[in-house]
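Visitor: Got a predicted model here, sequence first, then my questions.
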Amino acid sequence: MTSSVIRVDDLSASYQKNKVLNDVSFEVKEGTITAIVGPNGAGKSTLIKTMLGLHPKLTGNVRFWGSPFKTAKKKIGYVPQRGSVDWDFPTDALDVVTMGLYGKIGWFRLPSKKDKEKAMNALKKMGMEAYAHRQISQLSGGQQQRVFLARALAQDAELYFMDEPLAGVDASTEKAIMTILKELKSNGKTVLVVHHDLQTVPEYFDHVLFLNKTVYAHGQTEEVFTTDNIARTYGGDMQWVGKGDQYVIQSSSH
(Lines give C-alpha, C1' and ligand atoms only; values in the text may rest on other atoms or scores of the structure.)
Protein backbone atom coordinates (compact mmCIF):
# COMPACT_ATOMS: atom_id res chain seq x y z
CA MET A 1 0.00 0.00 0.00
CA THR A 2 1.34 3.43 -0.97
CA SER A 3 2.28 5.50 2.06
CA SER A 4 1.03 9.00 2.79
CA VAL A 5 3.55 11.81 2.26
CA ILE A 6 1.29 14.76 3.13
CA ARG A 7 -1.69 15.04 5.42
CA VAL A 8 -3.51 18.37 5.76
CA ASP A 9 -6.34 18.72 8.27
CA ASP A 10 -8.70 21.72 8.59
CA LEU A 11 -6.13 24.24 7.35
CA SER A 12 -7.29 27.87 7.27
CA ALA A 13 -5.38 31.06 6.43
CA SER A 14 -6.08 34.70 5.64
CA TYR A 15 -4.55 37.88 4.23
CA GLN A 16 -5.39 40.66 6.68
CA LYS A 17 -9.09 39.98 7.35
CA ASN A 18 -9.76 38.20 4.07
CA LYS A 19 -9.97 34.43 4.58
CA VAL A 20 -8.32 32.73 1.62
CA LEU A 21 -8.23 29.12 2.87
CA ASN A 22 -11.12 27.60 4.77
CA ASP A 23 -10.92 24.16 6.43
CA VAL A 24 -8.73 22.61 3.72
CA SER A 25 -8.16 18.88 4.21
CA PHE A 26 -6.51 16.33 1.92
CA GLU A 27 -3.90 13.60 1.79
CA VAL A 28 -1.21 12.97 -0.84
CA LYS A 29 0.30 9.56 -1.51
CA GLU A 30 3.90 8.83 -2.39
CA GLY A 31 4.99 8.78 -6.03
CA THR A 32 2.19 10.92 -7.45
CA ILE A 33 2.03 14.14 -9.50
CA THR A 34 -0.87 16.32 -8.33
CA ALA A 35 -2.19 19.42 -10.09
CA ILE A 36 -3.67 22.08 -7.79
CA VAL A 37 -6.24 23.93 -9.90
CA GLY A 38 -8.81 26.65 -9.27
CA PRO A 39 -9.74 30.19 -10.32
CA ASN A 40 -7.78 33.36 -9.53
CA GLY A 41 -7.95 34.12 -5.81
CA ALA A 42 -8.70 30.48 -4.96
CA GLY A 43 -5.76 30.32 -2.53
CA LYS A 44 -3.54 27.95 -4.56
CA SER A 45 -0.23 29.72 -3.90
CA THR A 46 -1.29 30.52 -0.34
CA LEU A 47 -1.94 26.83 0.27
CA ILE A 48 1.62 25.90 -0.68
CA LYS A 49 3.14 28.78 1.30
CA THR A 50 1.06 27.98 4.38
CA MET A 51 2.00 24.30 4.22
CA LEU A 52 5.69 25.28 4.01
CA GLY A 53 5.50 27.78 6.87
CA LEU A 54 5.98 30.79 4.57
CA HIS A 55 2.54 32.18 5.45
CA PRO A 56 0.88 31.98 8.88
CA LYS A 57 -2.03 29.61 9.38
CA LEU A 58 -5.14 30.43 11.37
CA THR A 59 -6.07 26.86 12.19
CA GLY A 60 -5.25 23.34 11.14
CA ASN A 61 -2.45 20.85 10.96
CA VAL A 62 0.05 19.89 8.24
CA ARG A 63 2.21 16.77 8.43
CA PHE A 64 4.92 15.45 6.11
CA TRP A 65 5.59 11.74 6.64
CA GLY A 66 3.78 12.21 9.95
CA SER A 67 6.11 15.04 11.08
CA PRO A 68 5.91 18.86 11.11
CA PHE A 69 7.60 20.83 8.31
CA LYS A 70 10.63 21.81 10.43
CA THR A 71 11.49 18.14 10.87
CA ALA A 72 10.92 17.22 7.23
CA LYS A 73 12.16 20.34 5.39
CA LYS A 74 15.45 18.84 4.16
CA LYS A 75 13.40 16.33 2.15
CA ILE A 76 11.27 19.06 0.51
CA GLY A 77 12.03 21.19 -2.56
CA TYR A 78 10.12 24.35 -3.50
CA VAL A 79 9.94 26.26 -6.80
CA PRO A 80 8.11 29.58 -6.22
CA GLN A 81 6.38 31.64 -8.90
CA ARG A 82 8.92 33.21 -11.22
CA GLY A 83 7.33 36.64 -10.71
CA SER A 84 8.08 36.55 -6.97
CA VAL A 85 11.85 36.39 -7.51
CA ASP A 86 14.28 39.33 -7.80
CA TRP A 87 15.90 38.43 -11.11
CA ASP A 88 18.10 41.55 -11.01
CA PHE A 89 20.09 40.08 -8.12
CA PRO A 90 23.72 39.96 -9.36
CA THR A 91 24.37 36.22 -9.58
CA ASP A 92 24.75 33.61 -12.29
CA ALA A 93 22.73 30.49 -13.04
CA LEU A 94 25.21 28.08 -11.44
CA ASP A 95 25.19 30.05 -8.17
CA VAL A 96 21.38 30.02 -8.10
CA VAL A 97 21.35 26.24 -8.44
CA THR A 98 24.13 25.84 -5.86
CA MET A 99 22.02 27.84 -3.38
CA GLY A 100 19.57 24.94 -3.46
CA LEU A 101 22.22 22.85 -1.69
CA TYR A 102 22.76 25.23 1.25
CA GLY A 103 20.14 23.44 3.34
CA LYS A 104 22.43 20.41 3.31
CA ILE A 105 25.91 22.00 3.23
CA GLY A 106 25.13 24.88 5.61
CA TRP A 107 24.99 28.63 4.87
CA PHE A 108 28.42 29.33 6.37
CA ARG A 109 30.42 26.70 4.51
CA LEU A 110 31.59 27.26 0.96
CA PRO A 111 30.26 24.75 -1.57
CA SER A 112 32.79 22.04 -2.44
CA LYS A 113 33.84 20.93 -5.92
CA LYS A 114 31.41 18.03 -5.55
CA ASP A 115 28.59 20.46 -4.69
CA LYS A 116 29.37 22.53 -7.79
CA GLU A 117 29.39 19.36 -9.91
CA LYS A 118 25.99 18.41 -8.53
CA ALA A 119 24.64 21.85 -9.41
CA MET A 120 26.12 21.66 -12.93
CA ASN A 121 24.58 18.22 -13.47
CA ALA A 122 21.17 19.64 -12.52
CA LEU A 123 21.66 22.44 -15.07
CA LYS A 124 22.62 19.85 -17.70
CA LYS A 125 19.44 17.93 -16.96
CA MET A 126 17.45 21.07 -17.80
CA GLY A 127 19.55 21.80 -20.92
CA MET A 128 21.06 24.90 -19.31
CA GLU A 129 24.75 24.00 -18.88
CA ALA A 130 25.77 26.51 -21.58
CA TYR A 131 24.21 29.28 -19.46
CA ALA A 132 25.89 28.31 -16.16
CA HIS A 133 27.84 31.56 -15.91
CA ARG A 134 25.21 33.81 -17.45
CA GLN A 135 23.69 36.45 -15.15
CA ILE A 136 20.13 35.40 -14.31
CA SER A 137 18.81 38.82 -15.36
CA GLN A 138 20.01 38.07 -18.91
CA LEU A 139 18.03 34.84 -19.22
CA SER A 140 14.62 34.56 -20.86
CA GLY A 141 11.58 33.66 -18.76
CA GLY A 142 11.72 30.03 -19.88
CA GLN A 143 15.44 29.83 -19.14
CA GLN A 144 14.92 31.32 -15.67
CA GLN A 145 12.27 28.70 -14.99
CA ARG A 146 14.63 25.92 -16.07
CA VAL A 147 17.30 27.28 -13.70
CA PHE A 148 14.83 27.33 -10.84
CA LEU A 149 13.80 23.76 -11.54
CA ALA A 150 17.47 22.77 -11.71
CA ARG A 151 17.93 24.28 -8.25
CA ALA A 152 15.12 22.10 -6.92
CA LEU A 153 16.58 19.02 -8.64
CA ALA A 154 19.99 19.67 -7.07
CA GLN A 155 18.37 19.37 -3.65
CA ASP A 156 17.50 15.76 -4.48
CA ALA A 157 14.32 16.10 -2.43
CA GLU A 158 11.65 13.47 -1.87
CA LEU A 159 8.77 15.93 -2.21
CA TYR A 160 8.53 18.91 -4.57
CA PHE A 161 6.18 21.90 -4.50
CA MET A 162 6.03 23.96 -7.71
CA ASP A 163 4.02 27.15 -8.05
CA GLU A 164 2.99 27.71 -11.69
CA PRO A 165 6.18 26.26 -13.24
CA LEU A 166 4.57 26.19 -16.71
CA ALA A 167 3.20 29.74 -16.67
CA GLY A 168 4.52 31.88 -19.51
CA VAL A 169 7.11 29.39 -20.80
CA ASP A 170 7.61 28.31 -24.39
CA ALA A 171 6.51 24.89 -25.68
CA SER A 172 10.01 23.34 -25.50
CA THR A 173 10.49 24.46 -21.88
CA GLU A 174 7.04 23.12 -20.96
CA LYS A 175 7.93 19.77 -22.51
CA ALA A 176 11.33 19.71 -20.74
CA ILE A 177 9.75 20.49 -17.37
CA MET A 178 7.06 17.82 -17.74
CA THR A 179 9.66 15.24 -18.80
CA ILE A 180 11.58 15.94 -15.59
CA LEU A 181 8.43 15.83 -13.42
CA LYS A 182 7.43 12.46 -14.86
CA GLU A 183 10.97 11.21 -14.31
CA LEU A 184 10.76 12.32 -10.66
CA LYS A 185 7.52 10.36 -10.30
CA SER A 186 9.05 7.25 -11.87
CA ASN A 187 11.83 7.50 -9.26
CA GLY A 188 9.25 7.47 -6.47
CA LYS A 189 9.28 11.20 -5.78
CA THR A 190 6.08 13.14 -5.04
CA VAL A 191 5.22 16.39 -6.83
CA LEU A 192 2.51 19.03 -6.24
CA VAL A 193 2.07 21.64 -8.96
CA VAL A 194 -0.08 24.78 -8.98
CA HIS A 195 -1.34 24.68 -12.57
CA HIS A 196 -3.42 27.10 -14.65
CA ASP A 197 -4.17 25.22 -17.88
CA LEU A 198 -7.08 22.85 -17.34
CA GLN A 199 -6.80 21.37 -20.82
CA THR A 200 -3.42 19.75 -20.09
CA VAL A 201 -4.38 18.31 -16.68
CA PRO A 202 -5.40 14.83 -17.99
CA GLU A 203 -2.18 14.53 -19.99
CA TYR A 204 0.24 15.81 -17.36
CA PHE A 205 -1.07 14.77 -13.93
CA ASP A 206 -2.25 11.52 -12.37
CA HIS A 207 -3.99 13.32 -9.48
CA VAL A 208 -5.83 16.64 -9.27
CA LEU A 209 -6.96 18.81 -6.35
CA PHE A 210 -9.76 21.29 -7.06
CA LEU A 211 -9.37 24.30 -4.76
CA ASN A 212 -11.45 27.43 -4.33
CA LYS A 213 -10.68 28.47 -0.74
CA THR A 214 -11.68 24.93 0.24
CA VAL A 215 -11.26 21.55 -1.47
CA TYR A 216 -14.08 20.72 -3.91
CA ALA A 217 -12.62 17.43 -5.11
CA HIS A 218 -9.36 15.50 -4.89
CA GLY A 219 -8.28 12.17 -6.29
CA GLN A 220 -7.10 10.34 -9.38
CA THR A 221 -7.45 12.51 -12.47
CA GLU A 222 -9.42 9.90 -14.42
CA GLU A 223 -12.00 9.81 -11.62
CA VAL A 224 -12.37 13.41 -10.41
CA PHE A 225 -11.49 15.52 -13.45
CA THR A 226 -15.10 15.93 -14.52
CA THR A 227 -17.11 18.80 -15.98
CA ASP A 228 -19.18 18.80 -12.79
CA ASN A 229 -16.18 19.25 -10.47
CA ILE A 230 -14.68 21.89 -12.75
CA ALA A 231 -17.96 23.83 -12.87
CA ARG A 232 -18.42 23.62 -9.07
CA THR A 233 -14.89 24.86 -8.44
CA TYR A 234 -14.82 27.66 -11.01
CA GLY A 235 -18.47 28.67 -10.73
CA GLY A 236 -19.49 31.43 -13.13
CA ASP A 237 -15.94 31.78 -14.48
CA MET A 238 -16.32 28.82 -16.84
CA GLN A 239 -17.69 28.55 -20.33
CA TRP A 240 -18.12 25.25 -22.16
CA VAL A 241 -17.58 24.95 -25.89
CA GLY A 242 -18.34 21.67 -27.68
CA LYS A 243 -20.31 18.58 -26.79
CA GLY A 244 -19.76 15.46 -24.75
CA ASP A 245 -16.14 14.66 -24.02
CA GLN A 246 -14.92 16.81 -26.91
CA TYR A 247 -15.12 20.07 -25.00
CA VAL A 248 -12.81 23.03 -25.00
CA ILE A 249 -12.41 24.76 -21.67
CA GLN A 250 -12.52 28.53 -21.77
CA SER A 251 -12.00 30.32 -18.50
CA SER A 252 -11.94 34.00 -17.70
CA SER A 253 -9.41 33.19 -14.97
CA HIS A 254 -6.00 31.63 -15.28
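Guide: Perfect, thanks for sending it. Since this is a predicted model, take the numbers as computed values, not measurements. Numbering: from 1, shown residues only.
Visitor: alpha carbons only for contacts and neighbour counts from here, please
Guide: Noted.
Visitor: Geometric centre of this protein: which residue is closest?
Guide: residue 162 (1.6 Å; Cα atoms, centre = their mean).
Visitor: pretty sure that one belongs to a strand, no?
Guide: Yes: assessed with DSSP: H, G, I helix; E, B strand; the rest coil, residue 162 lies in a strand.
Visitor: Next, the contact list for it, please.
Guide: 78-81, 191-194 (Cα atoms under 8 Å, 6 or more residues apart in numbering).
Visitor: at 10 Å what do you get?
Guide: Counting by Cα atoms under 10 Å, 6 or more residues apart in numbering, residue 162 makes contact with 35-36, 45, 48, 77-81, 148-149, 152, 191-195.
Visitor: List the beta-bridge partners for it.
Guide: residue 79, residue 193 (DSSP bridges).
Visitor: how close does it sit to residue 130?
Guide: 24 Å (Cα to Cα, to the nearest Å).
Visitor: Within its sheet, name the partner strands of whatever helix or strand residue 13 lives in and how each one runs.
Guide: If you go by DSSP states H and E, residue 13 is part of strand 4-15. As defined by DSSP bridges, the strand partners of strand 4-15 come to strand 18-29 (antiparallel), strand 59-64 (antiparallel).
Visitor: pLDDT on it, on average?
Guide: If you average the pLDDT over strand 4-15, you get 95.
Visitor: so how far is it from its chain's centroid?
Guide: The chain centroid and the centroid of strand 4-15 are separated by 16 Å under Cα atoms, centre = their mean, to the nearest Å.
Visitor: Return the set of buried residues in it.
Guide: 5-8, 10-14 (16 or more other Cα atoms under 10 Å).
Visitor: From the rest of the structure, what touches it?
Guide: 19-32, 43, 46-47, 50-51, 55-67, 158-159, 189-190, 213-214.
Visitor: Try it again at 7 Å.
Guide: Contacting residues not belonging to strand 4-15 are listed as 19-30, 56-65 [Cα atoms under 7 Å, 6 or more residues apart in numbering].
Visitor: Grab the nearest non-local neighbour of residue 57.
Guide: With Cα to Cα, 6 or more residues apart in numbering as the criterion, residue 57 has its nearest non-adjacent residue at 4.7 Å, and that residue is residue 13.
Visitor: for residue 206, that is, sorry about that
Guide: residue 221 (5.3 Å).
Visitor: That neighbour: neighbouring residues, count only.
Guide: Number of residues near residue 221 (other Cα atoms under 10 Å) recorded here: 19.
Visitor: Residue 48 versus that one, what's the distance?
Guide: Residue 221 is 20 Å from residue 48, by Cα to Cα.
Visitor: Also residue 4?
Guide: 17 Å.
Visitor: where are the low-confidence patches of this protein?
Guide: By pLDDT under 70, the low-scoring segments of the chain are 1-2, 84, 87, 102-111, 236-254.
Visitor: how about the strands of it, start to end?
Guide: With DSSP state E applied, the chain shows strands at 4-15, 18-29, 33-37, 59-64, 76-79, 159-163, 190-194, 207-212, 214-220, 238-243, 246-251, listed in chain order.
Visitor: Please convert these to TSV, extending it with distance to residue 112.
Guide: Listed next are the strands of the chain as TSV, based on distance: least, Cα to Cα, whole Å:
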stretch	distance to residue 112
strand 4-15	31
strand 18-29	35
strand 33-37	33
strand 59-64	30
strand 76-79	21
strand 159-163	25
strand 190-194	28
strand 207-212	38
strand 214-220	42
strand 238-243	52
strand 246-251	48
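Visitor: In contact with the nearest residue to residue 182 once chain neighbours are set aside, which residues?
Guide: For residue 182, the nearest residue in space outside its immediate sequence neighbours is residue 33; the separation is 7.8 Å by Cα to Cα, 6+ apart. Residues near residue 33 by Cα under 7 Å, 6+ apart: 185, 190-192, 205-207.
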